[in-house]
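[1] Following is a predicted model, sequence given first.
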Amino acid sequence: MAGIRQISVFLSNQSGRLAEVTKLLADNNIDIIALSIADTAQYGALRIITDDNDKAIDILKNGNFVTKINHVLGIEIPNEPGALAKVLQAFDANEISVEYIYAFVGKSGINARVIIRVNDNEHASEVLKSIGIGLITEDDILKK
Amino acid sequence: MKFYDETHECMDRPSLEKLQSERLVKLVEYEYNNVPAYRQKMDDAGVKPGDIKGIEDITKLPFTLKSDLRDNYPFGLFAVPIGQINRIHASSGTTGKQTVVGYTKEDLDIWADCISRGLVSCGINSGDMVHIAYGYGLFTGGIGVHDGATKLGCSVVPASSGNTARQVTLIEDFKPDAICCTPSYALFLAEELRKKGHTPDDISLKVGIFGAEPWSEAMRTELEKSLGIKACDIYGLSEIMGPGVACECAERKGMHLQEDHFLVEVINPETGEHVKEGESGELVFTTLTKKGFPLVRYRTRDISRVIYEKCSCGRTTARILKPSGRSDDMLIIRGVNVFPSQVETVLMEFSETSPYYMIYVDRQSNHDTMEVKVEMNEAFFSDKISDINSLEARLKARLNSLIGLSIGVTLVEPGTLPRFEGKSKHVVDNRKI
């Protein structure tokens, strides 16, 4: 399946809850590579990509967290005006809808790295390929 | 008028018991001959109508349960052909199926009499204007009280429930003498009247008859103070008749049971045996005169006490004290019967395994609120917050349509809700009643 595994965690909107999850991962020596949160007044969905997703999933499940695994697309684009717009325009032209999007820091620091959740990963991958943008794989992210 | 029916309301105990015995003997024979489901129960218990010679024999008869009503939905327990049923009412049942009840013309007439007795005992008379803000419809509250007040000769304002602004205007402009509604709604109206600058002295109301949900002495005090009225409690359940089975008098020391029509027993809900006179237990009613939908030994699940001494108002009828609770897990919220199993049913529609949930009932600004907290599970969860929002909205809509109340839904993390043992393990009732 195309894309990178993303772990979503359901969290009540209570103070300290996010600290607890991140502490749990830290205690198990797991590095969070990318992160975003969507929330309402009552609850939120924490989405993370880590350097050891299998272990992270196990630990979270054992910690009684409700989790969900999705495949999201990771791309690397030039860190310059218009780079993201080009991608999104291509998606729009091909009727691919973007559910959410967030950026994260790559080790090189030259290019911008972006996670995109779309309704159709296969189709979106083809569109990206056609405009010359390659996908980041889980292995790429893990590269130290 | 001091009494609506002095003969029956002030009868001496031996005469009343004689009347009840005669009526019970007739009822049991009538029930046996006309309601196959109850005849089956009697046959199973080895009781024949001839075994019942008076009220002292009542314990020989099998109980009727709410589940019997459900099993015979909708008309299976009616004792007359449907063509002779003059009115049908219904209330919510445990699994979304309604509890259906029917009345003949004669039954409706007796019901109106019972209500009239109650109105008079609270100080309402013919010529008084009565504002009725119980819901009109399948619910027995609105139309039941309406018929009684009409029969008594009151000027009836059939306001029904809802549209508070209009209700306030009606009270301001028409100046009714009495109001009948749920006590929590009365407090809400009182607050609205106060906000508009009214004082208890300039509010025309003198008497309020409140029922269909549990309420406390503290609420009574507040209602009397804020509306400048005498607040009386009325008791009833649709299975037996509706409001008016019993009603307080102006003394407000227990609700006078219309004993010539309803025979009460108080039982230990565990053993089914009678408790000692005056002790607390589950109320069980037998309808002595009903023709359309008569019930023998119907277990109400309401826990209360019954006292028999003569009231200072002059009535000799037994008085039911305020029910102190339920022997099942039914909740009464804004006059609507709610069973936790209904919530479970809805959750099961959304997920194969029902997630753990808790029902929180509270009273905020004198308004009952119900919130369902549901522990999130993997079937419900999504990385998209819009999916979760939409799930929450659909749960809310489904609960609303099944139960008939606006119910809050909150999704919480697994393992965060309290776990309780026992019959009310899914309910936290924070109402201070």
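    Cool, got the structure. It should be emphasised that the depicted structure is a prediction, and the values quoted were computed from it without experimental measurement.
[2] residue contacts, the spatially closest residue to A:H123 that is not a sequence neighbour?
    Once flanking residues are discounted, A:H123 sits nearest to A:I96: 5.9 Å by C-beta to C-beta, 6 or more residues apart in numbering or on different chains. The way it works is simple: take the backbone N, C-alpha and C, and place the C-beta from them, glycine included. Contact analysis of A:I96 by C-beta atoms under 8 Å, 6 or more residues apart in numbering or on different chains lists A:118-120, A:123-124, A:127.
[3] Count the residues that sit near B:T182.
    23 (other C-beta atoms under 10 Å in any protein chain shown).
[4] any idea how far it lies from B:H367?
    10 Å (C-beta to C-beta, to the nearest Å).
[5] Give the residues shared as contacts by those two.
    In contact with both B:T182 and B:H367: B:R334, using C-beta under 8 Å, 6+ apart.
[6] residues contacting residue 141?
    No chain was given, so I picked chain A. A:4, A:33-34, A:49, A:51, A:74.
[7] hmm, I had chain B in mind actually
    B:G141 touches B:134-135, B:182, B:211-212, B:242-243, B:335, counting by C-beta under 8 Å, 6+ apart.
[8] tell me the SS of the closest residue to B:M42 other than its chain neighbours?
    Of all residues beyond its chain neighbours, the one nearest B:M42 is B:Y32 (6.0 Å), with distances taken as C-beta to C-beta, 6+ apart. When classified by DSSP: H, G, I helix; E, B strand; the rest coil, B:Y32 comes out as helix.
[9] Run a quick check on B:Y32 versus B:Y38, I expect a contact.
    Yes. Using C-beta atoms under 8 Å, B:Y32 is in contact with B:Y38, at 7.1 Å.
[10] Comparing those two, which shows the higher neighbour count?
    Set side by side, B:Y32 and B:Y38 show more neighbours around B:Y38, with 23 against 20, by other C-beta under 10 Å.
[11] And the pLDDT for that one?
    Predicted confidence (pLDDT) for B:Y38: 97.
[12] Look up the closest residue to it, ignoring the ones flanking it.
    B:E31 (5.2 Å).
[13] Go ahead and confirm the one you found touches B:V296.
    Yes. The pair formed by B:E31 and B:V296 meets the contact definition of C-beta under 8 Å, at 5.7 Å.
[14] Can you check which residues contact both of the two?
    The contact lists of B:E31 and B:V296 share B:Y38, where a contact means C-beta under 8 Å, 6+ apart.
[15] quick one: buried residues of the lowest-mean-pLDDT helix or strand in chain A?
    Ranked by mean pLDDT, DSSP states H and E, the helix or strand of chain A with the weakest confidence is helix A:138-142, at a mean of 80. Counting neighbours by 16 or more other C-beta atoms under 10 Å in any protein chain shown, one finds that the buried residues in helix A:138-142 are A:I141.
[16] before we move on, what about stretch B:44-62?
    B:47, B:49, B:52, B:55, B:58, B:61-62.
[17] Just the closest of those residues to chain A, please.
    B:P62 (48.2 Å; C-beta to the nearest C-beta).
[18] Okay, and that closest one sits in which element?
    Under the criterion of DSSP states H and E, B:P62 resides outside all helices and strands.
[19] Wait, it touches B:I52, no?
    No. With contact defined as C-beta under 8 Å, B:P62 does not reach B:I52; the gap is 11.9 Å.
[20] distance of B:L321 from B:E9?
    18 Å.
[21] try B:T221
    For B:T221, the distance to B:E9 - C-beta to C-beta - is 27 Å.
[22] Between the two, tell me which one has more neighbours.
    Between B:T221 and B:E9, counted using other C-beta under 10 Å, B:E9 has the larger neighbour count: 24 against 11.
[23] what's the single longest strand in chain A?
    As assigned by DSSP state E, the longest strand anywhere in chain A is strand A:67-77.
[24] So which bits of that strand are buried?
    So, applying 16+ other C-beta under 10 Å, buried residues of strand A:67-77: A:67-68, A:70, A:72-77.
[25] Which ones among these also lie next to chain B?
    A:67-68, A:70 (C-beta under 8 Å from any C-beta of the partner chain).
[26] got these as a markdown table, with pLDDT and distance to B:D173 columns?
    Formatted as a markdown table, these follow (pLDDT from 0 to 100; distance: C-beta to C-beta, whole Å):
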| residue | pLDDT | distance to B:D173 |
| --- | --- | --- |
| A:T67 | 95 | 61 |
| A:K68 | 93 | 58 |
| A:N70 | 93 | 61 |
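[27] and of the residues you listed, the nearest to B:R419?
    A:T67 (22.4 Å; C-beta to C-beta).
[28] Strands - which of the contacts of A:I141 land there?
    Mapping these onto strands (DSSP E) picks out A:4, A:33-34, A:49, A:74.
[29] Look at the spatially most central residue of chain A and report its pLDDT.
    Taking C-alpha atoms, centre = their mean, the centroid of chain A lies closest to A:I115, which sits 4.7 Å from it. Looking at A:I115, its pLDDT stands at 95.
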